[in-house]
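**Q** what's the 3D shape of this:
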Amino acid sequence: MKQHLKTLALASSVLMTLAACSQAASTSNTDEIKQAFEKQFPNRKVNTITPTPVAGIYEIVVEGKQVVYSTADANYLFVGDLIDATKKESLTEKTTAELNKVDFNNLPLQHAIKEVRGNGQRKLAIFSDPDCPFCKKLEHEGLKDLNNVTIYTFLYPLTELHPDAMRKSQQIMCSANPLKAWNSFMREGKALSGATNCSTPLAEIQALGNKLGIRGTPALIFSSGQLIPGAIDGAQIEQLLSSK
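**A** Sure thing, here's the model as predicted:
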């Protein structure tokens, strides 16, 4: 439990015990809260502090786009979802969605593998790993029946999980027709071949993914700026393609 508290790992979703807050704590300004928090966690830079609807509890966003909740003195905090039970919505999810919003128009689309279907009017960018089973599931199921869309695939090999993914990404990017190579490998299961020593934008894509906080694949970015992780189904994709 102490280790989760020290690292502020969102993945733990462990609820820490909250104590009642004094009136002095609830009226503390953000500078005081920031100082208290960074004293407790000197290795975690605070980006923003926002009061929550719960008296004396503050939403704190730390570097890495992590969201935690704390008392003003930072002696008690929890990592997990803060739920508005009346509205039946997660306030944490709303914050996370806003933090992860991407300016689609600023994406370096020239580095992506471009596929135009139908009139291509709708736009979708995907960070994908050739050795990721969920990426293949997305190709076979979620993207299968999409039409009137332009799909930009950024090759984003997760070498910690898939040691051979970088070599395969290089083979795809170095091929005469990267789109054909990608589709043949991901959708038809054909083996890759060819050079791996050409100039590719893979390093730039890695840097971009890190900047956007993408930790897994697939990661879908819609023209609305919404970033959605995971192999979601076609119906969800259709809905998100239509959202503004």
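
**Q** okay, Ser13: pLDDT?
**A** If you check Ser13, the pLDDT there is 35.

**Q** what do you get for the one 4 residues further on?
**A** Residue-level confidence at Thr17 comes out at 31, pLDDT.

**Q** and Lys65, by the same measure?
**A** Confidence at Lys65, expressed as pLDDT, is 84.

**Q** that one - how many residues pack around it?
**A** Lys65 is flanked by 14 other residues according to other CB atoms under 10 Å. Using the backbone N, CA and C atoms, a C-beta is placed for each residue, glycine as well.

**Q** how about the contacts made by Glu238?
**A** Contacts for Glu238 (CB atoms under 8 Å, 6 or more residues apart in numbering) come out as Leu146.

**Q** secondary structure element for it, which one?
**A** helix 234-242 (DSSP states H and E).

**Q** residue contacts, Thr150?
**A** Thr150 neighbours (CB under 8 Å, 6+ apart): Lys114, Glu115, Val116, Arg117, Gly120, Gln121, Arg122, Lys123, Leu124.

**Q** helix or strand next in line after the helix or strand of the chain with the lowest mean pLDDT, which one?
**A** Ranked by mean pLDDT, DSSP states H and E, the weakest helix or strand in the chain is helix 23-26, scoring a mean of 36. Heading C-terminal from helix 23-26, the first helix or strand you meet, by DSSP H and E, is helix 30-40.

**Q** with only the CA atoms kept, save the helix or strand that that next one is followed by in PDB.
**A** Remark: after helix 30-40, the chain's next helix or strand is strand 46-51, criterion DSSP H and E. C-alpha atoms of strand 46-51 as PDB (Å, rounded to 0.1, in the frame of the first residue of the first chain):
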ATOM      1  CA  VAL A  46       2.300  19.400  -9.800                       C
ATOM      2  CA  ASN A  47       0.700  20.700 -13.000                       C
ATOM      3  CA  THR A  48      -2.800  21.800 -11.800                       C
ATOM      4  CA  ILE A  49      -4.900  21.900  -8.600                       C
ATOM      5  CA  THR A  50      -8.700  22.200  -8.700                       C
ATOM      6  CA  PRO A  51     -11.200  22.000  -5.900                       C
END
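
**Q** what sits closest to the most centrally placed residue in the chain if chain neighbours are left out?
**A** When CA atoms, centre = their mean is applied to the chain, the residue found nearest the centroid is Ile214 (4.2 Å). With sequence-adjacent residues excluded and distances taken as CB to CB, 6 or more residues apart in numbering, Ile214 is closest to Phe127, at 5.4 Å.
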